[in-house]
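S.K.: sequence plus predicted model, see below.
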Amino acid sequence: MGSSGSKQSYDVSDYQPRQIFTDPSSYNIDKNEHYSNDILQPATRQFHPAAPLIMPIQSTVKCNQCGMIFANDEVLFKHKARFCIGNKSSDIRRKPNYLDNAEINNYTRENYLTNQPTLRKVVTHSSPVEKKIEAVKEWKTQRSILQSVQDMEDRILIDSQKTQKLANDLKKRTQDYNHILAEYEQLQAQERDLLREMFNLQGQSRLYFNQPNDLTEYERNQLEVLHRQNTRLRQERQIIQNKLEDFIVRDSQSSLTPNHESHKLLSDMKEQQDQNEKALIYLRRRLVYHNSSLRTSNDSPSLPHIHSSERAASDDVKSLRNVYLQSGGYDPNVLTQYNDLEHRLRYYEYYPWMKDYPEPLKQYRCI
């Protein structure tokens, strides 16, 4: 019966309750015994026989993957969830990873044989969700650090740009200040020159005012003489121009060389006329300056007005050349002489005699 009973207990399918006759008072369990966390190691207990065993009937369950027998369904569920070697999702044969979570929690494990709680220390591992949360926290921390570094670099760049701009402004202001200082020194030098010139003019005016009035009368006489000479030269030049016009109308083929008598006479008279006009205008300006200084311009007689004839002469030469061309003349030598004469007359217009004879009071031009 005993053999048939044991055989019957192993042939029944899993999770089928069996009656086991056990008497808890028939044996004693040493509570000081050390329990290992390794499920693969066989649990060895020291039994102390006390009295004859009486086997009570108790229901058991069997694991269909590893074949272990357990007292109830709760223990079987924990076994399959954590310790079963046939279940790949359990934590069996997994080494503890203290980097995941180094906290060691205490939990109470009941002794299902004696219903007495025992204190165990286990290592809890973080789940994938917790790992993801930790990774996100670490990424946020790194991002905040990188953002702080970027903000600091931007602040340094802005400060450097402000410093460079300030340095450029100071440099520009220094250049402007140096330029203004140089201009101020030039103005001071010009002011000193102007004061020196005014002092010299004042001394010359004092000497001029102290001279007798005979000098003014002499200048008037010279002015009248020069005016008469200028009139005579103008008449002679008009005569020569008329002769030249007649010569062009006759379309003479003889060239006007510099050795020609009429050309030489015309150039000499022109030079003499220019010199006389320069001297005449110079004397007139001296008289005007003297009269304005003494404020006696109403007492002095009015001077004859002299009309400059350079402009009229250049126009006359141009008209004569046009007449020559209209009459059919084509001699290049004659046209060259016309152009040369007109150019010389224009030269006296653009470069007057004032550059050779300065005014009594010349205005100073600032650079």
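M.R.: Nice, I can see it. Numbers count the residues shown, from 1 in each chain.

S.K.: how many residues are close by residue 274?
M.R.: Taking other Cβ atoms under 10 Å as the criterion, the count of residues near residue 274 is 15. Heads up, the C-betas are built off the backbone N, CA and C, glycines and all.

S.K.: same question, residue 149
M.R.: Number of residues near residue 149 (other Cβ under 10 Å) recorded here: 10.

S.K.: again with residue 319
M.R.: By the other Cβ under 10 Å criterion, the neighbourhood of residue 319 contains 11 residues.

S.K.: now swap in the one 5 residues further on and tell me
M.R.: Other residues near residue 324 number 19, with proximity taken as other Cβ under 10 Å.

S.K.: that one contacts residue 333, doesn't it?
M.R.: No - Residue 324 sits out of contact with residue 333 when judged by Cβ atoms under 8 Å, with a separation of 11.9 Å.

S.K.: how about residue 66, phi and psi?
M.R.: Backbone torsions for residue 66, taken as degrees, to the nearest 10, come to phi -120, psi -10.

S.K.: quick check: it vs residue 74, distance?
M.R.: The span separating residue 66 from residue 74 equals 17 Å under the rule Cβ to Cβ, to the nearest Å.

S.K.: put the alpha carbons of stretch 171-179 into CSV.
M.R.: Only the C-alpha atoms of stretch 171-179 are listed here, as CSV (Å, rounded to 0.1, in the frame of the first residue of the first chain):
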residue,chain,number,x,y,z
LYS,A,171,40.7,104.8,-32.0
LYS,A,172,38.4,106.7,-34.4
ARG,A,173,37.9,109.5,-31.9
THR,A,174,41.7,109.7,-31.3
GLN,A,175,42.2,110.0,-35.1
ASP,A,176,39.6,112.7,-35.3
TYR,A,177,41.1,114.5,-32.4
ASN,A,178,44.6,114.4,-34.0
HIS,A,179,43.1,115.6,-37.3
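
S.K.: who's the residue lying closest to residue 72 once chain neighbours are set aside bridged to?
M.R.: For residue 72, the nearest residue in space outside its immediate sequence neighbours is residue 61; the separation is 6.8 Å by Cβ to Cβ, 6 or more residues apart in numbering. Residue 61 forms beta bridges with residue 70, as assigned by DSSP bridges.

S.K.: and residue 61, how many residues sit next to it?
M.R.: For residue 61, the count of nearby residues is 21 (other Cβ under 10 Å).

S.K.: quick check: mean pLDDT of stretch 274-281?
M.R.: With pLDDT averaged residue by residue, stretch 274-281 scores 72.
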